[in-house]
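Asks: What shape does this take:
(chains A, B, C and D)
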Number of protein chains: 4
Amino acid sequence: MIRAAIQGGTGYTALELLRILLRHPGVEVTAVTSRSETGLVSRVHPSLAGRLNLVFSNPTPDELAGQADVCFCCLPHVASMEAIPSLLAAGLRVIDLSADYRLTDPVVYETWYGHVHTDPTRLGATVYGLPEIYGDRIASQNLIANPGCYTSTSILALAPLLKAGLVRPKGIIIDAKSGVSGAGRSPKVEMLYSECNESFSAYAVGTHRHTPEIEQVLSDVCGEQVDVIFTPHLTPMDRGIFATIYAVPAREVKQAELLETMRQFYAGKPFVHVVEHLPKTKDVSGTNFCHLTARVVKDRVMVLAVLDNLIKGASGVAVQNFNLMYDFDETTGLV
Amino acid sequence: MIRAAIQGGTGYTALELLRILLRHPGVEVTAVTSRSETGLVSRVHPSLAGRLNLVFSNPTPDELAGQADVCFCCLPHVASMEAIPSLLAAGLRVIDLSADYRLTDPVVYETWYGHVHTDPTRLGATVYGLPEIYGDRIASQNLIANPGCYTSTSILALAPLLKAGLVRPKGIIIDAKSGVSGAGRSPKVEMLYSECNESFSAYAVGTHRHTPEIEQVLSDVCGEQVDVIFTPHLTPMDRGIFATIYAVPAREVKQAELLETMRQFYAGKPFVHVVEHLPKTKDVSGTNFCHLTARVVKDRVMVLAVLDNLIKGASGVAVQNFNLMYDFDETTGLV
Amino acid sequence: MIRAAIQGGTGYTALELLRILLRHPGVEVTAVTSRSETGLVSRVHPSLAGRLNLVFSNPTPDELAGQADVCFCCLPHVASMEAIPSLLAAGLRVIDLSADYRLTDPVVYETWYGHVHTDPTRLGATVYGLPEIYGDRIASQNLIANPGCYTSTSILALAPLLKAGLVRPKGIIIDAKSGVSGAGRSPKVEMLYSECNESFSAYAVGTHRHTPEIEQVLSDVCGEQVDVIFTPHLTPMDRGIFATIYAVPAREVKQAELLETMRQFYAGKPFVHVVEHLPKTKDVSGTNFCHLTARVVKDRVMVLAVLDNLIKGASGVAVQNFNLMYDFDETTGLV
Amino acid sequence: MIRAAIQGGTGYTALELLRILLRHPGVEVTAVTSRSETGLVSRVHPSLAGRLNLVFSNPTPDELAGQADVCFCCLPHVASMEAIPSLLAAGLRVIDLSADYRLTDPVVYETWYGHVHTDPTRLGATVYGLPEIYGDRIASQNLIANPGCYTSTSILALAPLLKAGLVRPKGIIIDAKSGVSGAGRSPKVEMLYSECNESFSAYAVGTHRHTPEIEQVLSDVCGEQVDVIFTPHLTPMDRGIFATIYAVPAREVKQAELLETMRQFYAGKPFVHVVEHLPKTKDVSGTNFCHLTARVVKDRVMVLAVLDNLIKGASGVAVQNFNLMYDFDETTGLV
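Replies: Have a look, this model is predicted:
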């Protein structure tokens, strides 16, 4: 039984992790930390009432290492890179759900996040935890940078076609739509029900922090500098990301070849399904699956991708990484 | 042209008032006040972009009285009773959308709101601004206590049957369901989209402040002490209140007599419609109408009532009161 | 490995069953039948893409008995009682999700469903599949009448207090609110998104078919004739039932005693949790749990109960019954 | 007082027309027709209870011409072109909300709609009723082709920049998102609440019928053949269209110049507002307004546009056309 801790346990990704880990046969959750909350975890997360008797704790790294083998770190960025070196030093393996270890270049980090990276030597050395791309390198790691939700959607959609040279690395437009849970659990006027409901909006146009993350991984996949315009939108629903992607074909190509290329890329990958029909976010809601399809429309290749932002886009893929790190079947607890 | 000011202009009732007043042919909105916001009102309320060039101001009562004839006061309770005496003294007529002048007894106010009332002499003397009940007393007033949303729904549903002696004043159960906009625009975790969406909940069970307001007005209507159990619920939708009411019949009664009694009570009242079918909140969404019906089920009389909490339950009825105060047709700006 | 068939596989309860059974370690789904659909089940239920390779079939009872040990019957009422005798005769054990075998009296069935019951001898002899009430009788059965969603909510809420004699069996009011998925997948104008969204409504006031089912089981529990007024409402959300229940206390009683009575009743029952706070439907959404609490308000005892209508209210409890019938742990596949 | 009829009065555009026309001071609605419904119009549209006493009728064109001056035709395509020649012959002026008279070329009509056009001589001669583009030609017409909802959004967003030569007519991508009411009121499984809610999807990728309509009008505006990729999506909300548009700049251009060009184009147009902030569909929900903004992101010009599909995208613009045809102020009944 692997003992798991959750660092920063009050938000939605922590709740989703707890839901998954509670049904994982090889895991015991031994600690859920918080600096602001005390008392029963199920008081903050009433869906766990009667199922989890832990109270929030605020242990030192060494205390935490005495209680757990692995730590899922659900702190916000900056707080993550402040906490993780000590967790690692105390002997914990860490799966970091923040953005702090995803980018490889501290200058890029500083540009997009507005903070000097305080643990720069680990940046280039940390594996990006998208198992469909870097699955063979995850098992041996002590620190995994769990990917962003928009990023996973975009990478899973484009990697096969870029790698096969079927679309050009320049001129890619990713028009992405997310459910509101991606915005987290902090009280902000613009995230109130009465603001978001019955409203569709764009935000961070041209400036969203997942842009360099998408470009970095896709460039690594295809060996050329990939350049994307990424536009996130907020949709009145709890969960789900839908990406509508427009790319320039590198040569004449038909839908069948696109789908076949994607199918081959994901052969043996249990969580990505290439489908013929147009997918909907509801098809994958509450699951760790990603559904993809492709079309040729006029002079563009279109890829349409869906996943659940809290699961395949955050906590589910974190457990998928955990499974690889501890030699469980990749799907344990996730289907 | 009557000059109207809105005191406390950043919330949803203020926005709704502005929408209605902008199409009222006899009103010019001359001031929108805020202590926290400055700059264009349409920056906070982008739906008014291009339609309202006012900036938020923070005038003294005398300055405001120089700019306006009437003030719609959208401050929260306590703040309202602190502001209104000065507004009245400066010569403004006031329609108060808060709860501060609705109850007639300062002891009851203190019990339910936890504050000593600082303007107690006006309590018993202020008209409760529900035009279907007190319409003949509104025209001459300088201060109107605009009713609460749950209260209006409950009173409009029960007044005809209580007045006619068809149901008993004791043992009434009001099971009410509201859209989320009733909770206002303050950032609270429990009002986040991701908390409210896809969730139905009860709150303030047995303790909601509209309870004494309902009992006070209905007791006045029927001349006996009315006693209700009032249970509010939160429904994942923007607007609308649905009240399902269970009352004990005072004698054997059939549905036809109930409906006829209600129809006669509201004869000539333009905003209350007694219907045969079961109403839905969507039937009255965005309007100042209230739809009512009644049924006999086993040993109970049931009344079902719907209205839009922001309009007939707040800003629409405020304009209805304004129309009566300034001798406009009661429906001006409201249909 | 138990081989399971789903009879009538195109609706929401069938989909939910498939989702649960696909992660049940002791079940293989061997057939999904339909009279209207052919081809891959995952074409109708795209959320199963890549996870279930079955095609819809339309076998005879004997063919089905050759393929499966147990049949989850998801046919509508009437169709169910026409199919089930042959399924049983062919040797299948059957869990019927329709209403056809829930009532014990064929006259009551005919009154509420408008059809003569064609298999009346099985009516009184079929166990009502609510494991928290009849759990000790389920293991040995070949036919289980899976309960209705409103019914389960109401019974779980009231059974402990009625059995303990804390509330009276007369004068009970159940004001229930359901998500829209309870209405099924047939195309009807009134179930269109644009009709239901942003709307709250009541339906079948005084006439809903779950009324006699609630009364029958609760009467059996407490040994007296229970009489309820049951009012169902439609809430703009996918899933969840919320029941607000008003009952007359049989003697003076406090909240603590109510909660303690409920806790003792459900001691050792893994899926019912008695909570102190006011529950929300979202707390149990996507799960087989039911959360309950109680309050004393004026002269009434109130019970508030939530569950997921498609899971604890339909397909989850069906698998719970299956687990009892095949000697699996009651929670297998359900947590 | 102009007498108006609504042909085909059971759908959402008809309801929205009725709501607007009931508050228009210069209109009396004298007939609402239906071939399928009889009885009170307010029985089908309960939001009109107590406000409209008309019953559905099924008059001949001559009978209708005796009752009305103008007919708003809300029939589906094909039915529209079968009815309209007789309505015009009978002396009615017609505002057609279907697609039948929007395209100028009968071959294009047949290609996209799969029907031979039966009134081809009127095709090239009918004015496209988008007042911001063709406002000076509307007053004198007897037949107006009211625009499609996606089309209006796309044209209003792109016309100023194409006309000014700031973006190229080729390579335009319109990624559009619509509320569900655009799908109409026919009962279809895929439009059920339980299918659409909590789900985001694309449909008609590369094949939506508004594509040639957008290209035709924009080509007319800029004098060059415009070519667009148009992708519609379904969003879980009642109303609103959001268009995210990517165009190739014709020369280096900054955001300020884009906004200024758009502002000048819409100077004096009361319903189109160019804003600095990113608009949301809720900003214009329930109104006849369109909000637009522009951005420069990498090598693309982006335009973001919102309007209410049932009002500015259908029934509101129909009344705007009516106002121009009958010399009312363009905003009468619409603000």
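Asks: Now for whatever residue of the stretch 1-150 of chain A ends up closest to chain B, how many residues are close by?
Replies: Here the stretch 1-150 of chain A gets closest to chain B at one residue, residue A:12, 6.7 Å apart by CB to the nearest CB. For glycine as for every other residue, the C-beta is placed from the backbone atoms N, C-alpha and C. Residue A:12 has 22 neighbours, counted by other CB atoms under 10 Å in any protein chain shown.
Asks: can you pull the contacts of it?
Replies: A:181, A:184, A:185, A:310, B:194 (CB atoms under 8 Å, 6 or more residues apart in numbering or on different chains).
Asks: ok, now how distant is it from residue A:60?
Replies: Using CB to CB, to the nearest Å, residue A:12 is found at 26 Å from residue A:60.
Asks: quick one, phi/psi of the closest residue to residue A:291 other than its chain neighbours?
Replies: Among residues not flanking residue A:291 along the chain, residue A:279 sits closest, at 3.9 Å (CB to CB, 6 or more residues apart in numbering or on different chains). Dihedral angles of residue A:279 (phi, psi; degrees, to the nearest 10) stand at phi -80, psi 160.
Asks: give the contact list for residue A:279.
Replies: A:291, A:292, A:293, A:304, A:305, A:306, C:46, D:201.
Asks: Kindly report the same for residue A:181.
Replies: So residue A:181 contacts A:12, A:238, A:239, A:309, A:310, B:194 (CB under 8 Å, 6+ apart).
Asks: Wait, the last one touches residue A:237, no?
Replies: No - with contact defined as CB atoms under 8 Å, residue B:194 does not count as touching residue A:237 (9.9 Å).
Asks: who touches both of these two?
Replies: By CB under 8 Å, 6+ apart, the residues touching both residue B:194 and residue A:237 are residue A:180.
Asks: Buried residues of the lengthiest helix in chain A, list them for me.
Replies: If you go by DSSP state H, chain A has its longest helix at helix A:149-163. Going by neighbour count (16 or more other CB atoms under 10 Å in any protein chain shown), the buried part of helix A:149-163 is A:149-162.
Asks: now, the most widely separated pair of these?
Replies: A:149 and A:161 (20.7 Å; CB to CB).
Asks: for residue A:276, what are its contacts?
Replies: A:259, A:293.
Asks: I'd like to know how far it sits from chain B.
Replies: Going from residue A:276 to chain B by CB to the nearest CB, to the nearest Å gives 30 Å.
Asks: how about the strands in the stretch 151-300 of chain A?
Replies: A:172-178, A:201-202, A:228-234, A:241-247, A:272-274, A:290-297, A:300-307 (DSSP state E, counting those that start in this stretch).
Asks: and the last one, does that touch chain D?
Replies: Yes - in terms of CB under 8 Å from any CB of the partner chain, part of strand A:300-307 sits within range of chain D, namely A:300, A:302, A:304, A:306.
Asks: got the angle between that strand and strand D:172-178?
Replies: 30 degrees (axes from the mean of the first three to the mean of the last three CA atoms, to 10 degrees).
Asks: Strand A:300-307 near chain C anywhere?
Replies: No - using CB under 8 Å from any CB, strand A:300-307 stays clear of chain C, coming no nearer than 10.2 Å.
Asks: and the angle from the following helix or strand past that strand to helix A:149-163?
Replies: Downstream of strand A:300-307, the first helix or strand assigned by DSSP states H and E is helix A:316-325. Here helix A:316-325 runs at an angle of 70 degrees relative to helix A:149-163 (the same axes, to 10 degrees).
Asks: mean confidence score for helix A:316-325?
Replies: Averaging pLDDT along helix A:316-325 gives 98.
Asks: Likewise for stretch A:59-79?
Replies: Rounded mean pLDDT across stretch A:59-79 is 98.
Asks: For the residue of the stretch 151-300 of chain A found nearest chain C, give me its contacts.
Replies: Relative to chain C, the nearest point of the stretch 151-300 of chain A is residue A:273 (3.6 Å; CB to the nearest CB). The contact partners of residue A:273, by CB under 8 Å, 6+ apart, come to A:266, A:289, A:290, A:291, A:292, C:49, C:50.
Asks: Just the closest of the residues of strand A:300-307 next to chain D to residue C:113, please.
Replies: residue A:306 (40.4 Å).
Asks: thinking again about what came up before, tell me the pLDDT of the residue of the stretch 1-150 of chain A closest to chain B.
Replies: Looking at residue A:12, the pLDDT reads 97.
Asks: for it, phi and psi?
Replies: phi -70, psi -30.
Asks: related to what we said a few turns ago, most neighbours among the contacts of residue A:279, please name it.
Replies: residue A:306 (30 neighbours).
Asks: and the residue in the stretch 1-150 of chain A positioned nearest to chain C, what pLDDT?
Replies: Residue nearest to chain C within the stretch 1-150 of chain A: residue A:50 (3.7 Å; CB to the nearest CB). pLDDT, residue A:50: 93.
Asks: which one is it nearest to, not counting chain neighbours?
Replies: Nearest one to residue A:50, counting by CB to CB, 6+ apart, is residue C:273 at 3.7 Å.
Asks: re earlier: for the contacts of residue A:12, which one is nearest chain D?
Replies: residue A:181 (11.1 Å).
Asks: got the residues of the stretch 101-250 of chain A near chain B?
Replies: A:180-181, A:183, A:185-189, A:191-198, A:236-238.
Asks: circling back: my guess is the residue of the stretch 1-150 of chain A closest to chain C contacts residue A:42, does it?
Replies: Yes - counting by CB under 8 Å, residue A:50 does reach residue A:42; the two are 7.5 Å apart.
Asks: okay, these two: which has more neighbours?
Replies: Taking other CB under 10 Å, residue A:50 and residue A:42 do not tie; residue A:42 has more neighbours (21 against 16).
Asks: how far away is the more buried one from residue C:331?
Replies: For residue A:42, the distance to residue C:331 - CB to CB - is 18 Å.
Asks: Okay, and the beta partners of the residue nearest to residue A:178 when sequence neighbours are not counted?
Replies: Excluding the flanking residues, the one nearest residue A:178 by CB to CB, 6+ apart is residue A:241, at 5.0 Å. On the basis of DSSP bridges, residue A:241 is bridged to residue A:178, residue A:307.
Asks: Give me the pLDDT value at residue A:241.
Replies: pLDDT at residue A:241 comes out at 98.
Asks: Ramachandran angles for the residue lying farthest from the centre of chain A?
Replies: Most distant residue from the mean C-alpha position of chain A: residue A:252, 32.8 Å away (CA atoms, centre = their mean). The phi/psi pair for residue A:252 (degrees, to the nearest 10) reads phi -60, psi 130.
Asks: residue contacts, it?
Replies: Residue A:252 neighbours (CB under 8 Å, 6+ apart): none.
Asks: any idea of the pLDDT on it?
Replies: For residue A:252, the predicted pLDDT is 97.
Asks: any weak-confidence spans in chain A?
Replies: For chain A, no stretch is flagged by pLDDT under 70.
Asks: any idea how far residue A:307 is from residue A:224?
Replies: Counting by CB to CB, the gap from residue A:224 to residue A:307 is 25 Å.
Asks: er, residue A:19 actually
Replies: 17 Å.
Asks: How about residue A:259?
Replies: Distance from residue A:259 to residue A:307, by CB to CB: 18 Å.
Asks: more crowded one of these two?
Replies: residue A:307 (35 against 18).
Asks: The more buried one: what's it in contact with?
Replies: Residue A:307 neighbours (CB under 8 Å, 6+ apart): A:149, A:152, A:153, A:156, A:240, A:241, A:284, A:289, A:290, A:291, A:313.
Asks: could I get these as JSON lines with distance to residue C:72?
Replies: As requested, the contacts of residue A:307 are arranged in JSON lines below (distance: CB to CB, whole Å):
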{"residue": "A:149", "distance to residue C:72": "35"}
{"residue": "A:152", "distance to residue C:72": "35"}
{"residue": "A:153", "distance to residue C:72": "35"}
{"residue": "A:156", "distance to residue C:72": "34"}
{"residue": "A:240", "distance to residue C:72": "28"}
{"residue": "A:241", "distance to residue C:72": "33"}
{"residue": "A:284", "distance to residue C:72": "24"}
{"residue": "A:289", "distance to residue C:72": "23"}
{"residue": "A:290", "distance to residue C:72": "29"}
{"residue": "A:291", "distance to residue C:72": "26"}
{"residue": "A:313", "distance to residue C:72": "32"}
